[in-house]
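Asker: Need a 3D model of the sequence below.
(one chain, ligands or ions: 1)
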Amino acid sequence: MIRELAGALIALAAPAAAEPFHLIPGAIPAGKGPDGNTIIFHAPNGLVVFDTGRHPEHAAAILDYARRRHRPIAAIVNSHWHLDHTTGNWDLRQAYPHVAVYASNALEGALATYLKQGRAQGDAMLADPKVPAAQKAELKRGRAVVDHPARIRPDHVIRRSGRMTIAGRWFDVHLSRFAATEGDVWLYDRKSRTAVVGDLVVGIVPFADTACAEGWAKALKAVDRVPFVTLVPGHGEPMTHADFRLWKRAYERLLDCTRGPAGKAACIAGWQKDAAKFIDAAHGDYVARALDYYIDHRFRAPEEQARYCKPLEG
Ligand SMILES: [Zn+2]
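Answerer: So this is what the prediction gives:
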């Protein structure tokens, strides 16, 4: 009886203990900025939080998980500086002042360029009485971290790929230069054979706002060489390795299309077909609109590629 009881208790505890990582999915709502996915690993010294989202509700979900599991947040790893992956750093730092933050140093160039321009555009929107209050709250939250970058800045700068411990747990830490941003950090956890790759993979459509298209293709090749079983993208559902290869191939075909003579509509239709498995019905129009912009302003804009395939300078 006691053995049965012990067995039942182990069975009850097993799902949580066996969970290789905890995913807090980021939403991609219409009319609002997205939140990146957050992936949480348990480490000897506490929790390792990969990306922290944009909105306060997302940060609250991370803090709530830590409280429920009675574990402190020991470290944050930011895949890249985009505000849908870093804004929550400040919420977590306020709750856990000793949290260690790991990221590339790409934020510095972004502060002098992309984020500076974004702040000016945000100010114009804040002055516009037609902009809804919810959007203004989001803009103000973004502006606060741009004005006080120490709130999100790393205190451990990742400058190269290598195996290292974070909060006492071993990870293969990878740095891909000039891909979705100037410095994209991604992790491979050998124990669970999980790769968490930030926006190097975004299910519905590559978010190419600060993309070096060529470097991105190279980064996807590097990801493919890792023997992961599960890959968690920056946005969207976890993928198998076979799914990732499908997505990678869709990206390569999109890149080929934008380099050739085909019309923009054909390249968009090609992506929608090749990546159909990752595009849900609710985001069909979103994908078409996003690609329409990215093809003109990034993939087929040589001056933008020149800008994003080298360090950003003010
Ligand atoms: Zn993102």
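Asker: Get me the contact residues on the stretch 51-200 of the chain for the ion.
Answerer: Contact residues (Cβ under 5 Å from the ion) of the stretch 51-200 of the chain with the ion: 84, 199. Just so you know, the C-beta spots here come from the backbone N, C-alpha and C atoms, and that holds for glycine as well.
Asker: residue ranges of the strands in the stretch 51-200 of the chain, please?
Answerer: Along the stretch 51-200 of the chain, the segments classed as strands by DSSP state E, counting those that start in this stretch run 73-77, 100-103, 156-157, 162-166, 169-177, 183-189, 194-196.
Asker: Mean pLDDT and mean neighbour count for the ones you listed - can I get that in TSV?
Answerer: Supplementary listing: the strands of the stretch 51-200 of the chain in TSV, determined by pLDDT from 0 to 100; neighbours: other Cβ atoms under 10 Å:
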stretch	mean pLDDT	mean neighbour count
strand 73-77	98	25
strand 100-103	98	22
strand 156-157	98	14
strand 162-166	98	14
strand 169-177	98	19
strand 183-189	98	25
strand 194-196	98	25
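Asker: got those as TSV, with distance to Asn89 columns?
Answerer: What follows is the strands of the stretch 51-200 of the chain, written out as TSV (distance: least, Cβ to Cβ, whole Å):
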stretch	distance to Asn89
strand 73-77	6
strand 100-103	6
strand 156-157	13
strand 162-166	15
strand 169-177	18
strand 183-189	14
strand 194-196	16
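Asker: neighbours of the closest residue to Asp91 other than its chain neighbours, just the number please.
Answerer: For Asp91, ignoring the flanking residues on the chain, the nearest one in space by Cβ to Cβ, 6 or more residues apart in numbering is Ala59 at 3.6 Å. As a burial measure, the neighbour count of Ala59 was computed by other Cβ atoms under 10 Å and equals 24.
Asker: residues in contact with Ala59?
Answerer: Contacts here follow Cβ atoms under 8 Å, 6 or more residues apart in numbering; on that basis Ala59 touches 52-53, 87-88, 91-92.
Asker: can I get those residues in CSV with pLDDT?
Answerer: Putting those into CSV (pLDDT from 0 to 100) gives the following:
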residue, pLDDT
Thr52, 98
Gly53, 98
Thr87, 98
Gly88, 98
Asp91, 98
Leu92, 98
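Asker: from the residues you listed, which is closest to the ion?
Answerer: Nearest to the ion among these: Gly53, at 9.6 Å, using Cβ to the ion.
Asker: outside of the helix or strand where Lys248 lies, which residues touch it?
Answerer: Here Lys248 sits within helix 241-259, counting by DSSP states H and E. Taking Cβ under 8 Å, 6+ apart as the criterion, the residues outside helix 241-259 that touch it are 201, 203, 206, 213-214, 216-217, 220-221, 223-224, 228-229, 231, 239, 266-267, 270-271, 274-275, 277-278, 291, 295, 299-300.
Asker: from these, which ones fall inside strands?
Answerer: Filtering the contacts of helix 241-259 for membership in strands, criterion DSSP state E, returns 231, 239.
Asker: which of the contacts of helix 241-259 count as buried?
Answerer: Buried positions within the contacts of helix 241-259, assessed by neighbour count (16 or more other Cβ atoms under 10 Å), are 201, 203, 206, 213, 216-217, 220, 223, 228, 231, 239, 267, 270-271, 274-275, 278, 291, 295, 299.
Asker: residue ranges of the helices in this structure, please?
Answerer: Here the chain has its helices, by DSSP state H, at 2-18, 56-69, 83-86, 89-95, 106-112, 114-126, 133-147, 213-224, 241-259, 264-274, 284-294, 302-308.
Asker: Just send those back as TSV, with distance to Ile28 too.
Answerer: Formatted as TSV, the entries for the helices of the chain read as follows, by distance: least, Cβ to Cβ, whole Å:
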stretch	distance to Ile28
helix 2-18	28
helix 56-69	12
helix 83-86	9
helix 89-95	20
helix 106-112	21
helix 114-126	19
helix 133-147	14
helix 213-224	20
helix 241-259	16
helix 264-274	16
helix 284-294	7
helix 302-308	22
